[in-house]
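Engineer: Okay, predicted coordinates and the sequence, questions at the end:
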Amino acid sequence: MSKTISAAANPALANNLIQKALTEEPKQKLPEVVPPSDTIVELPGGYLNAAGEVIKFAEVRELNGKDEEAISKTNNMAKALLIILQRGTVTIGDEEATDKVLDSLLVGDRDALLLGILKATFGPKATVSGWCSTCNEPKEIEIDLNTDISFKILTEPIDGRVFTVKGKKNEYTVQLPNGIVQKELVNHADKTSAELTTVVLENTVMKINNNPVFDKSQVQSLPVVDRRNIIEEMNLRAPGPQFDDVLVNCPNCESEVRVPINLGILFQF
């Protein structure tokens with residue numbers, strides 16, 4: 001005997017069964033599908049390829065156990081970040097993320113990639129330590145990497161890389177620092193702050209009064225005020241994530257807690 005219900009013969013019954021089927025909870029709950037982490041990173045400065053095009057997107061990946069072993073072989077966090085960047089970046093646009101490509105990126109783009117690798121590996125939430133002056137003790141504070149860290153975009157991705165700074169007597173043509181400069185700083189981590197300033201300037205000051213800069217003696221001879229003004233102007237113009245202190249409410253007393261943020265603190269290796 002057929003158990004088929006004719007909607008034409010009994011429209012009311014057919015309609016009730018349809019509504020029941022639509023609203024009834026399934027007997028077995030399906031497993032929750034978790035979407036994959038977003039591994040696409042927008043570059044705040046952009047990669048200039050051989051054709052002179054500005055590439056604004058890159059792909060990163062989640063770090064694995066092999067990466068962790070490689071990272072653990074250095075006890076220097078600055079060098080560890082270089083390893084993380086090299087291993088965790090997959091492509092810049094359609095190009096493989098080779099050392100040469102990564103070295104050509106602005107420091108802010110490299111920081112954006114590191115932040116992307118961090119989120120792909122650990123998720124968008126991070127727990128960091130801050131000091132509550134009211135409770136007079138350290139507090140573990142959770143921050144959201146998507147909302148608590150602001151970004152500065154290079155509005156002129158080609159022309160904005162080079163700028164001029166007027167000094168006491170000289171005019172300087174300066175370029176924003178890239179991965180080569182960053183590596184030089186890491187390799188000279190034992191130097192004084194004044195020596196590190198010289199490392200930055202000899203790799204970024206292109207001209208002094210339209211005369212090319214060939215060696216560090218030229219930037220060593222500059223007035224201290226000019227050297228500091230160049231670095232300050234560079235920091236003001238540099239794109240990328242802004243690792244400023246974050247102010248959050250203490251979970252116990254609701255007082256404001258100042259939490260220092262940087263990539264070394266966020267990557268807990």
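Structural biologist: Cool, got the structure.
Engineer: What ranges does this structure have for its helices?
Structural biologist: 11-23, 65-72, 77-88, 99-104, 107-122, 179-187, 193-204, 216-220, 224-237, 263-266 (DSSP state H).
Engineer: So for Pro251, which of those sits nearest?
Structural biologist: helix 263-266 (18.8 Å; CB to CB). Heads up, the C-betas are built off the backbone N, CA and C, glycines and all.
Engineer: how many neighbours does Phe122 have?
Structural biologist: 17 (other CB atoms under 10 Å).
Engineer: The one 4 residues further on now?
Structural biologist: When neighbours are defined as other CB under 10 Å, Ala126 has 20 of them.
Engineer: what are the bridge partners for it, then?
Structural biologist: Beta-bridge pairing for Ala126 (DSSP bridges): Ile143.
Engineer: Next up, the contacts around it.
Structural biologist: Leu118, Glu142, Ile143, Leu145, Leu266 (CB atoms under 8 Å, 6 or more residues apart in numbering).
Engineer: Farthest pair within those residues?
Structural biologist: Leu118 and Glu142 (14.5 Å).
Engineer: Which one of these two is surrounded by more residues?
Structural biologist: Higher neighbour count among Leu118 and Glu142: Leu118, with 21 against 12, using other CB under 10 Å.
Engineer: Wait, that one touches Phe267, no?
Structural biologist: Yes - the pair formed by Leu118 and Phe267 meets the contact definition of CB atoms under 8 Å, at 6.2 Å.
Engineer: who's Cys151 bridged to?
Structural biologist: Careful, residue 151 is Phe and not Cys. Pro241.
Engineer: what's the answer for Glu42, then?
Structural biologist: In beta-bridge terms (that is, DSSP bridges), Glu42 pairs with Phe57.
Engineer: That one: neighbouring residues, count only.
Structural biologist: 13.
Engineer: now the one 4 residues further on
Structural biologist: Per other CB under 10 Å, the neighbour tally for Gly46 reads 25.
Engineer: Enumerate every residue touching it.
Structural biologist: Taking CB under 8 Å, 6+ apart as the test, what Gly46 contacts is Val54, Ile55, Lys56, Asp109, Leu154, Pro157.
Engineer: Not counting sequence-adjacent ones, nearest residue to the fifth one?
Structural biologist: If you skip the residues right next to it in sequence, Leu154 has Pro239 as its closest partner in space, 4.0 Å away by CB to CB, 6 or more residues apart in numbering.
Engineer: Can you name the residues that contact the one you found?
Structural biologist: Pro239 neighbours (CB under 8 Å, 6+ apart): Pro44, Gly45, Leu106, Gly108, Asp109, Phe151, Lys152, Ile153, Leu154, Leu176.
Engineer: neighbours around the last one, how many?
Structural biologist: Residue neighbour count, defined by other CB under 10 Å, stands at 20 for Leu176.
Engineer: Equivalent analysis for Lys73, please.
Structural biologist: 9.
Engineer: ok so, going back, ok, of the contacts of Gly46, which come out buried?
Structural biologist: Neighbour counting with 16 or more other CB atoms under 10 Å marks Ile55, Lys56, Asp109, Leu154, Pro157 as buried within those.
Engineer: tell me, what residue is most central in this structure?
Structural biologist: For the chain, Ala112 is the residue whose C-alpha lies nearest the centre (CA atoms, centre = their mean; 2.2 Å).
Engineer: Please verify my assumption that it contacts Leu43.
Structural biologist: Yes - look at Ala112 against Leu43 with CB under 8 Å: they come within range, at 6.0 Å.
Engineer: Val205 contacts Ile230, correct?
Structural biologist: Yes - contact criterion CB under 8 Å: Val205 and Ile230 qualify, at 6.7 Å.
Engineer: Let me see the contact set for Leu145.
Structural biologist: Counting by CB under 8 Å, 6+ apart, Leu145 has contacts Leu115, Leu118, Lys119, Pro124, Lys125, Ala126, Leu266.
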